[in-house]
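Trainee: Provided below for reference: sequence and predicted model.
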Amino acid sequence: MNPQASEWKPNVGASSFVPGGFSVSAPAPAPAAAAAPPAHQESTESEIDENDPLWKAVLKIAEGDRVKAMKMIADPDSLTQYPEVEAILTGDVAMEDWEKKDDQVQELAKDVDEKMQVADAAPAPVEEEAEEEVEEVDPASLKEGDPREHLNLVFIGHVDAGKSTLSGNILYLTDNVDKRTIERYEKEAKERNRESWFLAFIMDTNEEERAKGKTVEVGKAHFETIVKRYTILDAPGHKNYVPNMIMGASQADVGVLVISARKGEFETGFDRGGQTREHAMLAKTLGVSYLVVVVNKMDDPTVKWSKERYDECIGKLRPFLKGCGFTIKKEVKFLPISGLTGANVKDEAPGSECSWWNQSWTSGEYNTNCPTLLSLLDSLEMKGRDPTAPLRIPVLDRYTDRGTIAMGKVESGIIRPGMKVTLMPTRTQFKVDAVWANEDPVSGARPGENVLIKLNNAGTEDVRKGYVICTEPHCRAVEKIICQIAVVDMPENTRILTAGFQAIFHAHCCEEECTISKIFETTNNKGVVVKGARFASEGMRCICMIDVDRSVPVDTFDSMPFLGRFTLRTEGKTIAIGKITKLPPKKT
């Protein structure tokens, strides 16, 4: 042992340990070349493949010294300083060998496939057969997911009309919420001194929404009947959240306009500045096929199921809805209900409370032959859903979950995993990896379904809200449109609409800043047409050109109505509703 040494190190050259005095110096270690190699080094050396490219390169660097080469192999970090070793470690040299092995594996797999096939099988590759089968499938015969028809219901109306309460009660009456949960909500509502809000808590899950009693985001829930499947979209009623309401209504097939029959509340919502008017107008613009007007709170002490009060509300609404463009006899249904008690929601109100309703609905007095809201929804027939048309899915939102997943509603066509789709306006192409309808994986989705779509190799920057997922022929991506608009309101400080007027352009799920660049003609309430007009005022219709700041994916109203409708908003008001009549010619 060496008393001056900082630590004990064995001498590999010594044959055995010899005790000695501390004054005697330890014998010098034998030279490395003469030292006997350890047993493990012999075994390692014997295992080395002399044809290994890495061993050859290291041996060359060590100038043929095998011991030095072994030490270098044992410390791989130090090898990276040599370019020839780095090239081998990164696989440049060995790539040819791997490619050869790959080819051998593919040939072997092909051999096995051929042996496994039935003798009478067609010689065409399996992949080509699968593609041919997909092309030959008749869309009418597809049975993807649940065969029952799916409808999106958007509940709209003035703030405090009872939209969330009605939505929550529908879920409770259709057994989608258990009694224990309802009791918990009742207790929570009582603690807030808002006993009648407990059903609204089913839809308003946000703490801010519960504290203020105002819906902010569009609530979403599902229920079903024997005949159909439904998605509830509970839209906010407050004027500050109209953009959120537009997002909900853009997905809807049926609008449920909730009106409060309580004295004073109907007048507040319907008069100028109330949201009843704006919501009804937006619903028509955004393309709902039917509008079901439910006069809520009929059980209120100020109403007591009064037919006179019900007729008063309906009488004021009819001319306004007609002015919005609704065909009253075909597209609008009227119904008295109580969202809190559930009367006329699932079960008909008892005759002791509402004696006149039975006779009214049997005679079809209010455009309905159904006594309750759910039976009325089941009876509605949806038209214009074409599974054979080119695919169109406006993107409502997207998120990341082991890949980018886009959310939207199938407006036309059918989407299936394996399809190649194009995103407009960027024109990027992706393959569809998976499709979910109501969070269940499906082999395909028809028009009307709310879907989640996983796109292969797509990043979050590739998919944005307002894009449209298409198949050939694609929709157009334009920065100019010629359109027909109806001016319904104007900001307080600007009473006329002229060239240069700026607003926010809302079409399907898309929002973009825009400028009215030219007005071609206007038509006033009396039908007088002015060519080359310089301005338009409230109540007029005009044909104009609109420039959009960035290209938007749209189409003409005649070819695809759901991509051809739009609204213009500014300063918290909807100032115009319109439809696209012409698009710029395609660039050749």
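Mentor: Nice, I can see it. Numbers count the residues shown, from 1 in each chain.
Trainee: residues of stretch 578-587 that come out buried?
Mentor: Judged by neighbour count using 16 or more other Cβ atoms under 10 Å, the buried positions of stretch 578-587 are G578, K579, I580, L583. Placement of C-beta: from N, CA and C, glycine included.
Trainee: which residue packs closest to the second one, ignoring adjacent ones?
Mentor: Distances taken as Cβ to Cβ, 6 or more residues apart in numbering put F557 closest to K579, at 3.8 Å, once the chain neighbours are dropped.
Trainee: can you check S289 too?
Mentor: In space, and not counting its chain neighbours, S289 is closest to D253: 5.6 Å by Cβ to Cβ, 6+ apart.
Trainee: try F320
Mentor: Per Cβ to Cβ, 6+ apart, closest to F320 is R277, 6.6 Å.
Trainee: Please list all residues in contact with S360.
Mentor: Shown in contact with S360 (Cβ atoms under 8 Å, 6 or more residues apart in numbering): Y366.
Trainee: let's see it at 10 Å
Mentor: Neighbour list for S360: K307, Y310, F334, L335, P336, C354, Y366, T368, P371 [criterion: Cβ atoms under 10 Å, 6 or more residues apart in numbering].
Trainee: so is it in a helix, a strand, or just coil?
Mentor: helix (DSSP: H, G, I helix; E, B strand; the rest coil).
Trainee: Which positions in stretch 380-391 come out as buried?
Mentor: For stretch 380-391, a neighbour-count test (16+ other Cβ under 10 Å) marks L380, P387, A389, L391 as buried.
Trainee: pLDDT score for the third one?
Mentor: The pLDDT attached to A389 in the predicted structure is 89.
Trainee: I'd assumed C475 was in contact with it.
Mentor: No. Using Cβ atoms under 10 Å, A389 makes no contact with C475, being 11.5 Å away.
Trainee: Give me the common contacts of the two.
Mentor: Between them, A389 and C475 share these contacting residues under Cβ under 10 Å, 6+ apart: S559, M560.
Trainee: In which helix or strand does L59 reside?
Mentor: Using DSSP states H and E, L59 sits within helix 53-61.
Trainee: Actually, G255.
Mentor: Assigned by DSSP H and E, G255 falls in strand 254-260.
Trainee: Could you pull up the mean pLDDT of that strand?
Mentor: Across strand 254-260, pLDDT averages out at 89.
Trainee: Distance from it to the middle of the chain?
Mentor: Centroid displacement of strand 254-260 relative to its chain, using Cα atoms, centre = their mean, to the nearest Å, is 24 Å.
Trainee: and if you look at stretch 373-388?
Mentor: On Cα atoms, centre = their mean, the centre of stretch 373-388 falls 22 Å from the chain's centre.
Trainee: Pull up the distance across stretch 352-360, start to finish.
Mentor: 15 Å (Cα to Cα, to the nearest Å).
Trainee: quick check: mean pLDDT across that stretch?
Mentor: Average pLDDT, stretch 352-360: 88.
Trainee: Could I get the full set of strands for the stretch 251-400 of the chain?
Mentor: For the stretch 251-400 of the chain, the strands defined by DSSP state E, counting those that start in this stretch cover 254-260, 290-296, 332-336, 392-400.
Trainee: Mean neighbour count and distance to R416 added to those strands, as TSV?
Mentor: Below are the strands of the stretch 251-400 of the chain laid out as TSV (neighbours: other Cβ atoms under 10 Å; distance: least, Cβ to Cβ, whole Å):
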stretch	mean neighbour count	distance to R416
strand 254-260	27	27
strand 290-296	25	29
strand 332-336	25	35
strand 392-400	20	12
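Trainee: Any chance of JSON lines for those, columns distance to L376?
Mentor: Shown next, in JSON lines, are the strands of the stretch 251-400 of the chain (distance: least, Cβ to Cβ, whole Å):
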{"stretch": "strand 254-260", "distance to L376": "10"}
{"stretch": "strand 290-296", "distance to L376": "6"}
{"stretch": "strand 332-336", "distance to L376": "6"}
{"stretch": "strand 392-400", "distance to L376": "27"}
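Trainee: And those strands: which comes nearest L54?
Mentor: Distance to L54, taken as Cβ to Cβ, is lowest for strand 392-400 among those, at 40.0 Å.
Trainee: What separates the first and last residues of stretch 367-378, distance-wise?
Mentor: 15 Å.
Trainee: which residues does E267 contact?
Mentor: Neighbouring residues of E267 by Cβ under 10 Å, 6+ apart: S260, G274, T276, C313, K316.
Trainee: Let me know the distance separating it from T302.
Mentor: From E267 across to T302, the span is 12 Å (Cβ to Cβ, to the nearest Å).
Trainee: lowest-confidence helix or strand of the protein?
Mentor: Among the helical and strand segments of the chain, the one scoring lowest on mean pLDDT, DSSP states H and E is helix 126-136, with a mean of 36.
Trainee: Output the contacting helices and strands for the helix or strand just after that helix.
Mentor: Next helix or strand after helix 126-136 toward the C-terminus (DSSP H and E): strand 149-156. Counting contacts by 3 or more Cβ pairs under 10 Å, 6 or more residues apart in numbering; DSSP states H and E, strand 149-156 packs against helix 163-173, strand 219-224, strand 228-234, helix 242-249, strand 254-260, helix 275-285, strand 290-296, helix 373-379.
Trainee: neighbours around D549, how many?
Mentor: By other Cβ atoms under 10 Å, the residues close to D549 number 12.
Trainee: again, but for L54
Mentor: Going by other Cβ under 10 Å, the residues that sit close to L54 add up to 18.
Trainee: G168 now?
Mentor: Neighbour count of G168, defined by other Cβ under 10 Å: 28.
Trainee: switch to numbering from 55
Mentor: Yep, numbering from 55; the last one is G222 now.
Trainee: Of the buried residues of stretch 434-445, which is the nearest to E138?
Mentor: For the buried residues of stretch 434-445, the nearest to E138 is L445 (54.1 Å; Cβ to Cβ).
Trainee: Is the closest one in contact with M478, as I believe?
Mentor: No. In this structure L445 lies outside contact range of M478 using Cβ under 10 Å: 11.4 Å.
Trainee: okay, and the common contacts of these two?
Mentor: What both L445 and M478 touch, as defined by Cβ under 10 Å, 6+ apart, is the set V522, I523, C524, H528.
Trainee: Rank these by pLDDT and give me only the lowest.
Mentor: Within those, pLDDT reaches its minimum at H528, with 88.
Trainee: The closest residue in space to N578 that isn't next to it in sequence: what's it in contact with?
Mentor: Nearest residue to N578, sequence neighbours excluded (Cβ to Cβ, 6+ apart): M594, at 5.4 Å. The contact partners of M594, by Cβ under 10 Å, 6+ apart, come to 539-542, 550-551, 576-579, 582, 584, 587, 630.
Trainee: Having no further points to raise, I will conclude here.
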